[in-house]
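1. make a model of this:
(one chain, ligands or ions: 1)
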Amino acid sequence: MRVLLALALAAALASETQIPERDLAIAAALRDQALAGSSAYALAESLVREVGHRLAGSDNDARGVEWALRTMERLGFDRVWTEPVEYPVWSREREEAEVLAPEPLPLAIAALGGSVPTPPEGLIGEIVAFADFAELRAAAQGSLKGKIAFVTRRMERARDGSGYGPVVAARVAGASVAAEKGAIAFLMRSAGTRDSDRPHTGNLRYGESITRIPAAALANAHADRLQALLAEGPVTVRLRIAARERGLYQGANVIGELSGRMQPEEVVALGAHLDSWDLGEGAIDDAAGVGIVLAAAELIAKQPERPRRSIRVVLFAAEEIGLYGARAYAERHREAVARHVLVGESDFGGGRIYQLDAAVKPEARAAIAQMHKVLEPLGIALGREDAGGGPDFGPLRRLGAAAVDLRQDGTYYFDYHHTVDDTLDKLVPGDLDQNVAAWAALAWLAANAEGDFGSGSLPERAGPPMIQEARPAPP
Ligand SMILES: [Zn+2]
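-> All right, here's what the predicted structure looks like:
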């Protein structure tokens, strides 16, 4: 009896994914090395200074791809390549708004990404305010004829960024819903947490066969002023937006790989996105993530030997305008989901990581606990038994890839996100180093684990990712 029990126990343990002691020690050393100073900030600075913003399809988009290729070569990746991604090009040319009545008052706005222009002379309409997107959706058909819809809901500040989801739905679909009711334009309070005069842009999506109306976000301080006027009586606003659609563009995901010494066809994939909005420098979103994952891979590249499996860094194209690079990657690697042993993206600014979430098979939970022990000294807690893998690995996650989220403190992220204030000075080198420490250790551990994390056999993920960006319907 005792023998049988021991055999059963041995069999169960054999199917459990485990990380060898030796690799736990190497990962702890990588962690401490990163904490002592990594190249993450210098990499983010280099991207921002040498390229600037990286709006999808702009001249800077191609310069960003060249930067990524030469940087990966320099950092010691064994293999560096691009994979093509096609997406539409939109450019912002001018945007202005002013209250005409009851009294003249300029309003700072940012056109939402993808917005159609107004006529050159602008549009004039009376404002109809809605407390939130649900209230706009509930408005009667035709009730907004000739009017400008304005959704006033304020974004709540939260460490985990959970205030974003409830306001971003209006940004994505508000213009289409307002147009359905007869509106001539759509305005919203910025999806941002700072009471400033800097508006926050972000993507919108027009519904099929619905009139496309211009759409913009108001700076929070100016949304306050507009609401104060509306409390007194009717308000008329003039809106002028010049923006252009310029057809399809051929961009690229940029990929670098450290080839595994034993199972090179199996990869641990770290991601970030190379593109950004055009208003600032795209420093927190997402030069920070680019710097973090590249610096983590660089530390591993300098080890005396390669890990058992490959470690891949994927710098995605065109995330902001609708996850084009993400969907192209998942489509291209659809048959290789099981060989993506574990995936995760850094795309939440430069704040410190406070929690490790993981979507893995039950037999790999013990290995996640082993990983957590290495990350714990960084102030990282073990969190949920689920993870989305970040926006750009979302499509691969939904195909059944095992994924981690290293959740960052986003308390101040949405003060600057998608604004002219998304600049390098918002990044704190020591905080980036803490991120690098976690990613480097985690990547080493996953790449050397004995056993897998369930990729390919995990149930498709239900529910939305933590941060839901605008996502066009699948083709
Ligand atoms: Zn981002």
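
2. okay, buried residues for stretch 421-436 please.
-> With burial defined by 16 or more other C-beta atoms under 10 Å, the residues of stretch 421-436 counted as buried are 421-424, 426-427, 429, 431-436. From N, CA and C alone the C-beta is placed, and that goes for glycine too.

3. and of those residues, the nearest to the ion?
-> Among the buried residues of stretch 421-436, residue 422 lies closest to the ion (C-beta to the ion), at 9.9 Å.

4. ok now do that closest one, which residues does it touch?
-> By C-beta atoms under 8 Å, 6 or more residues apart in numbering, residue 422 lies in contact with 276-277, 279-285, 416.

5. Throw these into JSON lines and include pLDDT, thanks.
-> Formatted as JSON lines, the contacts of residue 422 follow (pLDDT from 0 to 100):
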{"residue": "276", "pLDDT": "98"}
{"residue": "277", "pLDDT": "98"}
{"residue": "279", "pLDDT": "97"}
{"residue": "280", "pLDDT": "97"}
{"residue": "281", "pLDDT": "98"}
{"residue": "282", "pLDDT": "98"}
{"residue": "283", "pLDDT": "98"}
{"residue": "284", "pLDDT": "98"}
{"residue": "285", "pLDDT": "98"}
{"residue": "416", "pLDDT": "98"}
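
6. I'd like those as JSON lines, with distance to the ion and secondary structure appended.
-> Formatted as JSON lines, the contacts of residue 422 follow (distance: C-beta to the ion, whole Å; DSSP: H, G, I helix; E, B strand; the rest coil):
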{"residue": "276", "distance to the ion": "8", "secondary structure": "coil"}
{"residue": "277", "distance to the ion": "9", "secondary structure": "coil"}
{"residue": "279", "distance to the ion": "13", "secondary structure": "coil"}
{"residue": "280", "distance to the ion": "12", "secondary structure": "coil"}
{"residue": "281", "distance to the ion": "13", "secondary structure": "coil"}
{"residue": "282", "distance to the ion": "8", "secondary structure": "coil"}
{"residue": "283", "distance to the ion": "11", "secondary structure": "helix"}
{"residue": "284", "distance to the ion": "9", "secondary structure": "helix"}
{"residue": "285", "distance to the ion": "4", "secondary structure": "helix"}
{"residue": "416", "distance to the ion": "12", "secondary structure": "helix"}
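
7. hmm, back to that, could you dump the buried residues of stretch 421-436 into a markdown table with pLDDT added?
-> Shown next, in a markdown table, are the buried residues of stretch 421-436 (pLDDT from 0 to 100):
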| residue | pLDDT |
| --- | --- |
| 421 | 98 |
| 422 | 98 |
| 423 | 98 |
| 424 | 98 |
| 426 | 98 |
| 427 | 98 |
| 429 | 98 |
| 431 | 98 |
| 432 | 98 |
| 433 | 99 |
| 434 | 99 |
| 435 | 99 |
| 436 | 99 |
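
8. helices along the stretch 351-475 of the chain, start to end?
-> Secondary structure of the stretch 351-475 of the chain by DSSP state H, counting those that start in this stretch: the helices cover 365-375, 394-398, 413-416, 429-448.

9. what distance separates the second one from the centre of its chain?
-> Spelled out, that is helix 394-398. Distance, stretch centre to chain centre, for helix 394-398: 13 Å (C-alpha atoms, centre = their mean, to the nearest Å).

10. can you list contacts of it?
-> Contacts for helix 394-398 (C-beta under 8 Å, 6+ apart): 323, 326-327, 329-331, 333, 337, 340, 343, 359, 387-389, 403, 460-461, 465.

11. filter those to the buried ones?
-> For these, a burial check counting by 16+ other C-beta under 10 Å picks out 323, 326-327, 329-330, 333, 337, 340, 343, 359, 387-389, 403, 461, 465.

12. helix or strand right after the helix or strand of the chain at the bottom of the mean pLDDT ranking?
-> Among the helical and strand segments of the chain, the one scoring lowest on mean pLDDT, DSSP states H and E is helix 2-15, with a mean of 66. Next helix or strand after helix 2-15 toward the C-terminus (DSSP states H and E): helix 21-35.

13. in the following helix or strand past that next one, what counts as buried?
-> Toward the C-terminus, helix 21-35 is succeeded by helix 40-50 as the next helix or strand (DSSP H and E). Neighbour-count burial for helix 40-50, counted by 16+ other C-beta under 10 Å, picks out 40-41, 43-48.

14. would you mind giving the residues you listed as JSON lines with pLDDT and distance to residue 131 added?
-> Shown next, in JSON lines, are the buried residues of helix 40-50 (pLDDT from 0 to 100; distance: C-beta to C-beta, whole Å):
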{"residue": "40", "pLDDT": "98", "distance to residue 131": "41"}
{"residue": "41", "pLDDT": "98", "distance to residue 131": "41"}
{"residue": "43", "pLDDT": "99", "distance to residue 131": "43"}
{"residue": "44", "pLDDT": "98", "distance to residue 131": "38"}
{"residue": "45", "pLDDT": "98", "distance to residue 131": "42"}
{"residue": "46", "pLDDT": "98", "distance to residue 131": "44"}
{"residue": "47", "pLDDT": "98", "distance to residue 131": "40"}
{"residue": "48", "pLDDT": "98", "distance to residue 131": "38"}
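
15. any chance of JSON lines for these, columns distance to the ion?
-> Output for these, formatted as JSON lines (distance: C-beta to the ion, whole Å):
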{"residue": "40", "distance to the ion": "16"}
{"residue": "41", "distance to the ion": "18"}
{"residue": "43", "distance to the ion": "16"}
{"residue": "44", "distance to the ion": "13"}
{"residue": "45", "distance to the ion": "18"}
{"residue": "46", "distance to the ion": "19"}
{"residue": "47", "distance to the ion": "14"}
{"residue": "48", "distance to the ion": "14"}
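
16. closest to residue 230 out of these?
-> residue 48 (38.9 Å; C-beta to C-beta).

17. list the contacts for the closest one?
-> 281-283, 287, 423-424.

18. what do you get for residue 320?
-> 55-56, 113, 202-203, 273, 275-277, 285, 469.

19. quick one: least confident of these?
-> Here the lowest pLDDT out of the contacts of residue 320 sits on residue 469, with 44.

20. residue 61 belongs to a strand?
-> No. Counting by DSSP: H, G, I helix; E, B strand; the rest coil, residue 61 is not found in a strand; it is helix.

21. please verify my assumption that it contacts residue 54.
-> Yes. Under the criterion of C-beta atoms under 8 Å, residue 61 makes contact with residue 54 at 5.8 Å.

22. anything in contact with each of those two?
-> Joint contacts of residue 61 and residue 54 (C-beta under 8 Å, 6+ apart) are residue 275.

23. looking at the two, which has the bigger crowd around it?
-> residue 54 (32 against 23; other C-beta atoms under 10 Å).

24. now do the more buried one, the pLDDT please.
-> Note on residue 54: pLDDT of 98.

25. give the helix, strand or coil label for it.
-> Following three-state DSSP, the label given to residue 54 is coil.

26. and residue 314, which helix or strand is it part of?
-> For residue 314, the host element (DSSP H and E) is strand 309-316.

27. what angle sits between that strand and helix 429-448?
-> In terms of direction (axes from the mean of the first three to the mean of the last three C-alpha atoms, to 10 degrees), strand 309-316 departs from helix 429-448 by 130 degrees.

28. average pLDDT across strand 309-316?
-> Summarised as a single mean, pLDDT over strand 309-316 is 98.
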